[in-house]
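S.K.: Predicted model and sequence below, questions to follow.
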Amino acid sequence: MRSLHTAPLVAAVLLAATLAANDTYAQGAPQAITERRTDVVQLASGYRASKLTGADVYNRNKDTIGTLDDLIVSPSGDRSTYAILSVGGFLGIGKHLVAVPFNDLQINNRRIVLPEATKKSLEALPEFKYAD
């Protein structure tokens, strides 16, 4: 009877000894954090994606050519950012989503400009669809 009560204790001690002897890491791999200084004052004056979403996008002629639907960071190694624009449609019906490089946009006082674009040129781009 006495050995039945000590079996769980022995198992726990063996498990603890095994874990202590091995190098264990969070999520199975060693973690390295590279320290990099950021000018937080300058960064704080930037534009938050949540504040830009839903904003109208204009061209050089001040024509409304679409709406900023989202920002997506590419999963590729370069981590490029793309603006997902909603163009065409009426009241959300028939809208066409397109992806344009974020660097092509000009943002000044929360006004978003894609200088050379037109509604027609954006509607001619391949349609973007969110992955499920």
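M.R.: Received, thanks.
S.K.: okay, how far is it across stretch 70-78, tip to tip?
M.R.: 19 Å (C-alpha to C-alpha, to the nearest Å).
S.K.: again, but for stretch 45-62
M.R.: This stretch, stretch 45-62, spans 25 Å end to end (C-alpha to C-alpha).
S.K.: residues of that stretch that come out buried?
M.R.: Residues of stretch 45-62 classed as buried by neighbour count (16 or more other C-beta atoms under 10 Å): 52, 57, 58, 59. From N, CA and C alone the C-beta is placed, and that goes for glycine too.
S.K.: next one: stretch 88-106
M.R.: Of all the residues in stretch 88-106, those buried under the rule 16+ other C-beta under 10 Å are 88, 95, 96, 97, 98, 99, 100, 102, 105.
S.K.: just stretch 122-132 next, same as before
M.R.: Residues 122, 128 are the ones in stretch 122-132 that count as buried (16+ other C-beta under 10 Å).
S.K.: same check, this time on stretch 111-125
M.R.: Those would be 112, 113, 114, 117, 122, for stretch 111-125 by 16+ other C-beta under 10 Å.
S.K.: Tell me if the first one really is in a helix.
M.R.: No - according to DSSP: H, G, I helix; E, B strand; the rest coil, residue 112 belongs to no helix; its state is strand.
S.K.: Look up which residues are beta-bridged to it.
M.R.: Taking DSSP bridges as the rule, residue 112 bridges to residue 57, residue 107.
S.K.: wait, doesn't it sit right on residue 58?
M.R.: Yes - applying C-beta atoms under 8 Å as the test, residue 112 and residue 58 come out as touching, 6.9 Å apart.
S.K.: Tell me where the model's unsure across the chain.
M.R.: Applying pLDDT under 70 to the chain picks out residues 1-31, 89-93.
S.K.: Now do the strands in it.
M.R.: Using DSSP state E, the strands of the chain run over residues 56-58, 64-73, 81-87, 96-101, 106-108, 111-113.
S.K.: what are the pairing partners of the third one, and which direction each?
M.R.: In the sheet containing strand 81-87, its partner strands are strand 64-73 (antiparallel), strand 96-101 (antiparallel), by DSSP bridges.
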